[in-house]
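> Got a sequence here, can you build the structure:
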Amino acid sequence: LRVVELATYIAAPGAAGIMADWGADVIKVESPEGDPMRRFFDTIASQQDANPVFELDNRGKRAVVLDIRSDVGREALKALTATADVFLTNVRPASLKRAGLDDATLRAANPKLIYAVVTGYGLEGPDAAKPGFDVTAFWARAGVGHMTVPKGAEPFLLRTGVGDHTTSLATVSAILAALYERERTGVGRLVQTSLLATGVYTVGSDLAVQLTFGRLASARPRSQPFDALANFYQTSDSRWFVMNPRGAAKD
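You can find the predicted model right below:
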């Protein structure tokens, strides 16, 4: 299975990394400037001699530098996608269309191609053209951050890549479903995931309550649990453990 990845940062490259683990031949296409994640530690003013954050999501891939701002670069990428099973990107759709790398163009040349797009806010709606990061689209806009913070506490940032990697898993699922369909029809399709939609599904149980009853109980601090048996406790040797009586009842 050949995957051509034209993507940066984490969510889409993470999906391709999983597929590389499972045996796919993944070709990562980078601009002459390279994936910005190659400079991750520079952006946080930390000098390191390795970049495990980049390496995690780009393991097992081959790489090529193509400047899709040029005719030569665009044609080279089209030639790659003509031999691919999957084209995976998080470049904004408007930019891809201007470059002639949109879904309709690439699948006209290769009808079996699975064209997978990862966005911040989806392909439709007022925010479709906006860029999105996990801390904005997944954590903030989807409500994950709000539901996580106890009432009255200040919001906090999530750890690197949490929303991205959750979206990576959703993206792999979408691609595999399309590949399964292609086995029956012989035709590829467009699939898309977004950080916002993945965030909404991640807290979907709470949102289902909100939509049904019009309200949602806030998260509580450890000092004010809903149930004393469902809480974190510290032992005399400074270890922490969590109790979940509902889970124990199921077991």
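
> Let me know the secondary structure of Lys28.
Here Lys28 is strand, with the state taken from DSSP: H, G, I helix; E, B strand; the rest coil.

> so how many other residues sit close to it?
Lys28 has 23 neighbouring residues, counting by other CB atoms under 10 Å. In this view, the C-beta of every residue, glycine as well, is placed from N, C-alpha and C.

> got the contact list for it?
By CB atoms under 8 Å, 6 or more residues apart in numbering, the contact list for Lys28 reads 5, 7, 13, 16, 35, 58, 61-64.

> Out of these, the closest to Lys130 would be?
Nearest to Lys130 among those is Ala7, at 17.1 Å by CB to CB.

> which outside residues touch stretch 60-78?
4-6, 16-17, 20-21, 25-32, 34, 80, 99-101, 106, 109.

> got a list of contacts for stretch 101-117?
6, 12, 15, 68, 74, 77-78, 81-91, 93, 96, 123, 171, 174-175, 178-179, 182, 186-193.

> What subset of those is buried?
Burial by neighbour count, judged by 16 or more other CB atoms under 10 Å, picks out 6, 12, 15, 68, 74, 77-78, 81, 84-91, 93, 96, 171, 174-175, 178-179, 182, 188-193 from these.

> Mind checking which of those residues land in strands?
Using DSSP state E, the subset of these located in strands is 6, 86-89, 190-193.

> Quick one: the strands in the stretch 101-250 of the chain, in order.
114-119, 190-194, 232-234, 240-242 (DSSP state E, counting those that start in this stretch).

> Make TSV out of those and add mean pLDDT and distance to Trp139.
Listed next are the strands of the stretch 101-250 of the chain as TSV, based on pLDDT from 0 to 100; distance: least, CB to CB, whole Å:
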stretch	mean pLDDT	distance to Trp139
strand 114-119	98	16
strand 190-194	98	13
strand 232-234	90	22
strand 240-242	90	23
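
> Highest mean neighbour count out of those?
Across the strands of the stretch 101-250 of the chain, the average number of neighbours (mean count of other CB atoms under 10 Å) peaks for strand 114-119, which reaches a mean of 27.

> That strand vs strand 190-194, what angle?
Orientation of strand 114-119 against strand 190-194 (axes from the mean of the first three to the mean of the last three CA atoms, to 10 degrees) gives an angle of 20 degrees.

> Strand 114-119: partners in the sheet, and parallel or antiparallel?
Using DSSP bridges, strand 114-119 pairs in its sheet with strand 86-89 (parallel), strand 190-194 (parallel).

> okay, those strands in TSV with distance to Pro131 next?
Below are these laid out as TSV (distance: least, CB to CB, whole Å):
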stretch	distance to Pro131
strand 86-89	14
strand 190-194	12
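
> Of all these, which one is nearest Thr136?
Closest among the strands paired with strand 114-119, using CB to CB: strand 190-194, at 11.8 Å.
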